[in-house]
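Participant: sequence unavailable; structure follows:
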């Protein structure tokens, strides 16, 4: 009798443990103020609403996902990604197709979700400058960013191809609407890289993360840099002498995907459905100045008019920017990355 009771208790304990494990979700993002904002606005409140435990990790992007999928040891359930990287990763079989019968995107801005990734926020790649160096008379175009006579000083630039080539072509006189036409060949890519070579003597740092670009401005290590608008706004709140312009910025979005073979795929899909709701997305601008992908977030009353004006996805700001082309990144990112890395190692 006692043995049967013990076995029954053991069976119940195992079942309870299995259920508990099934309600654990591992989410990976990029750290810094960005992941902190995601955590406060999206991850933590959604986890509480769903009654699950979300374990957060910081990771290095799709290269980490590729390694996990290749080795068959996938531990991540949800990953943050840039839109272009996600598009390419999906084509490479690294991400699960998303179920839009579960994830409601009926109120999303057009184009801010794809087969493999659902948009999490809208951001801009901009040029930022040190106001201690230039005051409020900093660069107002990519041509200004390249003009070392008019704006002498140290620059920082991205060490990856994403968001690196388009500014170079605009600085070289290519109209924004023609940038991706020019980039649609190895010759066009080389033209952009040559423009970066021209600036390279004045580039003291090639940054690798959003946290680094913000720190460069906080420390005054460079006089201007490329980077993501929300990182600079948070750096300014922390005392950095920094300003930026949306003019000729690159309008882009981050998104969430599910790695191929994720241990909790079904729960991950429900989690993405939850954090895509307006009631979470309207809180994101409280922590970082990135716009919601769910346009209904502007109707909840949580985002005031002054805040909306400072978001990349507001009509006035979006109008002066170049939207990132996912089609170009899917087609050319691998080739362009190899060419770009060759330049960096010269």
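Facilitator: Nice, I can see it. These numbers come from a predicted model, not from an experiment. Residues are numbered from 1 along each chain as shown.
Participant: need the contact list for the closest residue to residue 177 other than its chain neighbours.
Facilitator: In this structure, residue 177 finds its nearest non-sequential neighbour in residue 322, 8.0 Å apart by C-beta to C-beta, 6 or more residues apart in numbering. All C-beta spots, glycine's among them, are computed from the backbone N, C-alpha and C. Shown in contact with residue 322 (C-beta atoms under 8 Å, 6 or more residues apart in numbering): 166, 170, 176, 177, 179, 248, 249, 250, 251.
Participant: need the contact partners of stretch 63-76.
Facilitator: For stretch 63-76, the surrounding residues in contact (C-beta under 8 Å, 6+ apart) are 26-28, 57, 59, 79, 89, 92-95, 259-263.
Participant: returning to what we had before: from the contacts of residue 322, which land in strands?
Facilitator: Here DSSP state E is the test, and those give 248, 249, 250, 251 as lying in strands.
Participant: find the nearest non-adjacent residue to residue 287, please.
Facilitator: Nearest one to residue 287, counting by C-beta to C-beta, 6+ apart, is residue 37 at 3.5 Å.
Participant: quick check: buried residues in the strand or helix carrying residue 85?
Facilitator: According to DSSP states H and E, residue 85 maps onto helix 83-91. By 16 or more other C-beta atoms under 10 Å, the buried positions in helix 83-91 come out as 83, 84, 85, 86, 87, 88, 89, 90.
Participant: go on, stretch 283-303?
Facilitator: Buried positions in stretch 283-303, judged by neighbour count with 16+ other C-beta under 10 Å: 283-285, 287-295, 297-298, 302-303.
Participant: cool, stretch 33-46 as well?
Facilitator: Buried positions in stretch 33-46, judged by neighbour count with 16+ other C-beta under 10 Å: 33, 34, 35, 37, 38, 39, 41, 42, 43, 45, 46.
Participant: any idea which of the residues you listed is least confident?
Facilitator: On pLDDT alone, residue 33 ranks lowest of those, at 87.
Participant: hmm, residue 212 and it touching each other?
Facilitator: No. Contact between residue 33 and residue 212 fails when scored by C-beta atoms under 8 Å: they sit 11.9 Å apart.
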